[in-house]
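>>> dropping the sequence and predicted coords here.
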Amino acid sequence: MTYDIKIINGTVIDGTGAPGRKADVAIKDGLIVAVGACDGDAARVIDAAGMIVTPGFVDIHTHYDGQISWDADLAPSCLHGVTTAVMGSCGVGFAPCRESDRDRLISLMEGVEDIPGTALAEGITWNWESVPDYMNAIDFPHAIDFAVQVTHDPIRVYVMGERAVAGELATEEDVEKMRALVREALEAGAVGFSTGRTDNHRAADGGHTPAAEASERELTGIASAFKGLGHGVLQAVSDFDMVESPKRFDLEYDVLESMLAAADGHPMSISLMQRMRATTQWQQIIRRAEETNARGMTLRLQVGARGIGVLLGLQATFHPFMGFPSYKQIAHLSLAERVERMADPEFKARILTEKSDKVAGDGSAIPPLADELLAHLDFIAMRLYRFDEAFDYEPDPQTSILAQAMAKGESPLSVMYDAMLEDGGKELLYFPIYNYIDQNLDVVRTMLTHPLALPGLSDGGAHVGTVCDASFPTFMVSHWTRARTRGDKLPLERVIQMLTHDTAGFIGFADRGELAVGKKADVNVMDYERLTLLRPRMVKDLPAGGQRLLQDAIGYKATIVSGTIIAEDGKLTGALPGRLVRLGAGGART
């Protein structure tokens, strides 16, 4: 047989959790046709000697809902081994949508996910109204595959109009209309439904998201749309304090569990993280999730690979001085001009005497970063780090800004100031808000190794001026299996299984997530020992001149989607084999 691609001499880690083995992989017509001895010639041979060969990664938590309509690459996920991205997380999205509601949905995505509203307004094509229309509109060639979840906020706005954001409860008629819209989308191939119930998520004007306090009746009514279908998952993010009561955690969990029960056997995932103001809540979530599964329902826990926080700098959405009066006077200047002014010792001396005005912005940020900085200075400086090229996301507290300030005999604010001016003002500071309360990743390891854990929360396409967590898959492989020095590692085979077989299986993608004959030829070839994240960089490539953080990686020899090489040595080839994945009749689920 003559193959399209043959990958030779590599160590195959097939996604099942089985030990890696020396084997070749042959690909023809978009499918894996042989694993092991692959006799025959090939149009393209990839020598993977000294490398690992794995299934492509399936990212189940992204926010490319707007970007998908104008960007065929879906970077940076495509540069981190992701071959299938599931969009529509946290209840925010762009369909269904009437023309009169477009600005409202843009404001929601801008506020909740830190995507510039001007970029969304200029970039989104808006050639849809219903969710099936949206799916048809975005079903054009992309670098990687992608799938759609129905999102609660636009569904609620579409049905309830102004009442959706006025704090009103949905009527029975409203709920039935929402249920019908969700059912319509699922039957068109959408892979699930997501909702958001967190105070951290706000529209650009500071208002609550439409679905933030939806009633149990509304959530269970919508979930009943899944009854009788052979596919579909639920996804929810919650603070678990939406109910004002001493027992608010259990009451909120009960609401989500009722939603899961109403979905008639379909699985749900919820976010799991260690929160700064509720440091043991994650243990409560695990306890209740174990009880839920023991009763025969399927609830999985989405866990981020590392500390979840923000990058601060003069180019980023946030930095410590953005609310200071003197800085506000120069904020309109170019980066080079701001750096020049801030390098003046008199300017620095003046700004260090000021207090910050109140600042609003990305809903993922913690308020003390801007409007209460001086009151929380030591607390923040103790957890604030310079993001140098060798940064590994599990920094030693002895390298914090506070430790540097103490060593220099300066104030933390002074050290922050000087650090931000380095590299022509391109220097970034890292502040982990979640999952790094104890100044190490031991809690994250405990979460990741729980039987109910799924790797998630990468937020690809979102928080573009504050984080670049779409690099989670690369970090999972490089840090947790090889580079970690401050605690126990994880087995390589298990991490690959989590990123491929487990995530694909949860969503219902039976045709991918494993290197086996007959499976879709989504493959990564990685130089495992060299696999390394580079420092994020700010680029201005969004519509309307918008900027975003991108993060590159070293070590990806090739990423293959449907038998076509879409990236080699960290660079895109321009090939666009990716398409919308529809589940249900004629979809990927078997």
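Structure's in. What do you need? Not measured: the values here are computed from a predicted model.
>>> so Val464 is in contact with Ile115, correct?
Yes: with contact defined as C-beta atoms under 8 Å, Val464 counts as touching Ile115 (5.8 Å). Glycine gets a C-beta too; all of them are placed from N, C-alpha and C.
>>> which other helices and strands contact the helix or strand encompassing Ile155?
Applying DSSP states H and E as the criterion places Ile155 in helix 152-160. Counting contacts by 3 or more C-beta pairs under 8 Å, 6 or more residues apart in numbering; DSSP states H and E, helix 152-160 is packed against helix 102-113, helix 172-187, strand 192-197.
>>> centre of the chain to that helix, how far?
Helix 152-160 has its C-alpha centroid displaced from the chain centroid by 23 Å (C-alpha atoms, centre = their mean, to the nearest Å).
>>> how about the contacts made by Gly66?
Residues in contact with Gly66 (C-beta atoms under 8 Å, 6 or more residues apart in numbering) are 94, 109, 115, 120, 123-124, 461.
>>> that one and Asp101: what is the separation?
14 Å (C-beta to C-beta, to the nearest Å).
>>> do Phe391 as well
Counting by C-beta to C-beta, the gap from Phe391 to Asp101 is 41 Å.
>>> ok, now Cys468?
30 Å.
>>> of these two, who's got more company?
For Cys468 versus Asp101, neighbours defined as other C-beta atoms under 10 Å are more numerous around Cys468 (26 against 17).
>>> in contact with the closest residue in space to Ala23 that isn't next to it in sequence, which residues?
With sequence-adjacent residues excluded and distances taken as C-beta to C-beta, 6 or more residues apart in numbering, Ala23 is closest to Val12, at 4.3 Å. For Val12, the contact set (C-beta under 8 Å, 6+ apart) comprises 20-23, 25, 35, 52-54, 515.
>>> need those in CSV (columns: distance to Thr481).
Shown next, in CSV, are these (distance: C-beta to C-beta, whole Å):
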residue, distance to Thr481
Gly20, 11
Arg21, 17
Lys22, 19
Ala23, 20
Val25, 21
Val35, 22
Ile52, 10
Val53, 15
Thr54, 12
Leu515, 18
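>>> select only the buried ones of these in ChimeraX?
Here is the ChimeraX command that selects only those of the contacts of Val12 that count as buried (16 or more other C-beta atoms under 10 Å):
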select :20,23,25,35,52,53,54,515
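>>> just the ones of the contacts of Val12 in strands?
Among these, DSSP state E puts 21-22, 25, 35, 52-54 in strands.
>>> what is the nearest of those residues to Leu550?
Thr54 (22.9 Å; C-beta to C-beta).
>>> bridged to the closest one, which residues?
Listed beta-bridge partners, Thr54: Asn524 (assigned using DSSP bridges).
>>> burial of Glu290, as a residue count?
Glu290 has 14 nearby residues by other C-beta under 10 Å.
>>> what does Gly574 give?
With other C-beta under 10 Å as criterion, Gly574 counts 10.
>>> how does this protein divide into domains?
What automatic domain parsing lists as the domains of the chain is 57-307+440-480, 310-434.
>>> now tabulate the ones you listed in a markdown table and tack on distance to Gly508 and mean pLDDT.
As requested, the domains of the chain are exported to a markdown table (distance: least, C-beta to C-beta, whole Å; pLDDT from 0 to 100):
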| stretch | distance to Gly508 | mean pLDDT |
| --- | --- | --- |
| domain 57-307+440-480 | 5 | 93 |
| domain 310-434 | 28 | 87 |
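>>> let's verify Val443: helix, strand, or coil?
helix (DSSP: H, G, I helix; E, B strand; the rest coil).
>>> what sits closest to it if chain neighbours are left out?
Using C-beta to C-beta, 6+ apart, the nearest residue to Val443 is Gln274, at 5.1 Å.
>>> equivalent analysis for Gln149, please.
Gly88 (3.2 Å).
>>> tell me which element the closest residue to Glu389 other than its chain neighbours falls in.
The spatially closest residue to Glu389, leaving aside those adjacent along the chain, is Arg535, at 5.1 Å (C-beta to C-beta, 6+ apart). Using DSSP H and E, Arg535 is not contained in any helix or strand.
>>> surely Arg535 meets Tyr393?
No: in this structure Arg535 lies outside contact range of Tyr393 using C-beta under 8 Å: 11.5 Å.
>>> counting neighbours, go ahead and name the busier of the two.
More neighbours surround Tyr393 than the other of Arg535 and Tyr393, with 21 against 18 (other C-beta under 10 Å).
>>> just checking, that one touches His479?
Yes: counting by C-beta under 8 Å, Tyr393 does reach His479; the two are 6.7 Å apart.
>>> what is in contact with the two at once?
What both Tyr393 and His479 touch, as defined by C-beta under 8 Å, 6+ apart, is the set Arg306.
>>> the residue nearest to Ala23 pairs with what?
Arg21, Val53.
>>> state the distance from the residue of the chain positioned farthest from its centre to Pro412.
What lies farthest from the middle of the chain is Glu346; by C-alpha atoms, centre = their mean that is 41.6 Å. Taking C-beta to C-beta as the measure, Glu346 and Pro412 are separated by 21 Å.
>>> what sits against the most centrally placed residue in the chain?
Nearest to the mean C-alpha position of the chain, counting by C-alpha atoms, centre = their mean, stands Asp459 at 1.7 Å. Each residue near Asp459 by C-beta under 8 Å, 6+ apart is listed here: 61-63, 89, 113, 467, 469-470.
>>> those residues: which two are farthest apart?
Ser89 and Val467, at 14.4 Å, using C-beta to C-beta across these.
>>> and the two? Which one has more around it.
A direct count of neighbours by other C-beta under 10 Å for Ser89 and Val467 places Ser89 higher, at 32 against 25.
>>> how about the nearest residue to the more buried one, chain neighbours excluded?
His61 (4.8 Å).
>>> show the contacting residues for the one you found.
86, 89, 235, 302, 456-460.
>>> change it to 6 Å
89, 456-458 (C-beta atoms under 6 Å, 6 or more residues apart in numbering).
>>> distance of it from Pro455?
9 Å.
>>> can you give me the strands for the stretch 151-300 of the chain?
Ranges of strands in the stretch 151-300 of the chain, per DSSP state E, counting those that start in this stretch, are 192-197, 233-238, 268-272, 299-303.
>>> cool, and the stretch 301-450 of the chain?
All strands of the stretch 301-450 of the chain, identified by DSSP E, counting those that start in this stretch, fall at 308-312, 385-386, 429-434.
>>> can you show me the helices along the stretch 451-590 of the chain?
472-478, 492-497, 503-507 (DSSP state H, counting those that start in this stretch).
>>> then the first one to CSV, C-alphas only?
What follows is helix 472-478, C-alpha atoms only, in CSV (Å, rounded to 0.1, in the frame of the first residue of the first chain):
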residue,chain,number,x,y,z
PHE,A,472,-2.3,24.4,28.9
PRO,A,473,-1.8,21.2,26.8
THR,A,474,1.9,21.9,26.2
PHE,A,475,2.4,22.7,29.9
MET,A,476,0.6,19.5,30.9
VAL,A,477,3.1,17.5,28.9
SER,A,478,6.3,19.4,29.5
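>>> list the buried ones in it?
For helix 472-478, by 16+ other C-beta under 10 Å, it's 472-478.
>>> again with stretch 552-571
Buried residues in stretch 552-571, defined by neighbour count with 16+ other C-beta under 10 Å: 552-553, 555-567.
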